[in-house]
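[1] Here is my input; please provide its structure:
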Amino acid sequence: MSLEQRTEYHQGAFGLKRLGYNYLLPAALLLLCAIPFGPIGAAAPFIWLSLCAIEAHSGWKRALGYLIAALLMLVAALGILPGGARIELPPSYSDAAGNTIYTSFNPGKAVIAIAVVAFMVRQRCWLKRSDFPYIATASVLPFLCGWAVIGLSPKFDIAVAVAALINLLVVCISEEGFFRWVLQRGTEELFGRWRWIVVLLVTAIFTFLHTGWAASPVALSLVAFAGFCYAMLWYLRRNFWACVLAHWGVNTLHLFLLPYPLPV
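    The predicted model follows:
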């Protein structure tokens, strides 16, 4: 074997090793999600690989990566795959004021959240100190609007705390992974310098997927305003974890201090 052939061989072997270490091994580990979640857990490595494909390509291949990631997340979150039924955890909470909070979660969203966290750790996308005033603003403004429109309904119980924790680990991470990292970021690249239009577009999609158009004007308005705050936070800061914390801040204040669920 000539020196040139040996060099090509070692380069090819190194490339395969790097491919296995960077992509195939993490995907194989994420496949373990099928153990606790069943067939729907098998979506985790594919979601992770599609997110990696976005970062590794440009042009139409990058756009295809966005599309595949969005479709995989929607299919998992909407419970289309086997094993998509909600998982109930005790205890639940209810009171005389009509508040009802279930400590349950969507396994599809849990799978999305696991894949997104694994990807974000790889991206080393962390918060900055300058993000926190924006996070606080995006968290407090929707709460104040809710307080003004539907009033307070304080509730403090272990079930509410468990629901808030589930909300962070499952709901906020998975939804911000879809709405911000995939949908808003991908659409912004399509619109270019007109990316401010995407704030309104993603807010409308966020509102529809959370309430449908048959909800009351109050529910539509409050959800739309919260969605607008998250979209604006991404527009201004472009930090995934900032959007997650703002989303969680709004939801936690809602769980503990406002009527739950929203009046429909």
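
[2] ranges for the helices of the protein?
    Counting by DSSP state H, the chain has helices at residues 3-19, 25-30, 34-37, 43-56, 59-77, 107-123, 132-150, 158-166, 173-176, 185-191, 196-211, 217-237, 240-257.

[3] Report the mean confidence score over the last one.
    Helix 240-257 carries an average pLDDT of 98.

[4] what helices or strands is it leaning on?
    Packing contacts for helix 240-257, counted by 3 or more CB pairs under 8 Å, 6 or more residues apart in numbering; DSSP states H and E, involve helix 132-150, helix 158-166, helix 173-176, helix 217-237. All C-beta atoms are positioned from the backbone trio N, CA, C, and that covers glycine.

[5] how far does the last one sit from the chain's center?
    Its chain's C-alpha centre and that of helix 217-237 lie 15 Å apart, by CA atoms, centre = their mean, to the nearest Å.

[6] Check which helices and strands it sits against.
    Secondary structure elements in contact with helix 217-237, counted by 3+ CB pairs under 8 Å, 6+ apart, are helix 132-150, helix 196-211, helix 240-257.

[7] So for the shortest one, what gets flagged as buried?
    Burial within helix 196-211, assessed by neighbour count using 16 or more other CB atoms under 10 Å, is assigned to V198, V199, V202, T203, I205, F206, T207, L209, H210, T211.

[8] Repeat that for the longest one.
    Buried positions in helix 132-150, judged by neighbour count with 16+ other CB under 10 Å: Y134, I135, A138, S139, L141, P142, F143, G146, I150.

[9] closest to D95 among those?
    Ranking those by separation from D95, with CB to CB as the measure, puts I150 on top at 15.7 Å.

[10] Report the separation between L262 and P217.
    The span separating L262 from P217 equals 11 Å under the rule CB to CB, to the nearest Å.

[11] actually G146, not the one I wrote
    Counting by CB to CB, the gap between G146 and P217 amounts to 14 Å.

[12] just S50 next, same as before
    When CB to CB is applied, the distance between S50 and P217 equals 37 Å.

[13] So for those two, which residue has more residues nearby?
    For the pair S50 and P217, the greater number of neighbours falls to S50 (22 against 7), based on other CB atoms under 10 Å.

[14] Can you tell me the closest non-neighbouring residue to that one?
    If you skip the residues right next to it in sequence, S50 has A69 as its closest partner in space, 4.0 Å away by CB to CB, 6 or more residues apart in numbering.

[15] again with I47
    That would be A115: by CB to CB, 6+ apart, it lies 4.0 Å from I47.

[16] Let's see the pLDDT reported for that neighbour.
    We note a pLDDT of 97 for A115 in this prediction.

[17] got a list of what Y134 touches?
    For Y134, the residues meeting the contact criterion (CB atoms under 8 Å, 6 or more residues apart in numbering) are L233, L236, R237, A242, A246.

[18] among those residues, which ones are buried?
    In terms of neighbour count (16+ other CB under 10 Å), the buried residues within these are L233, R237, A242, A246.

[19] and which of these is nearest to E88?
    Of all these, A246 has the smallest distance to E88: 27.9 Å, by CB to CB.

[20] surely that closest one meets M232?
    No: under the criterion of CB atoms under 8 Å, A246 lies out of contact with M232, with a separation of 9.8 Å.
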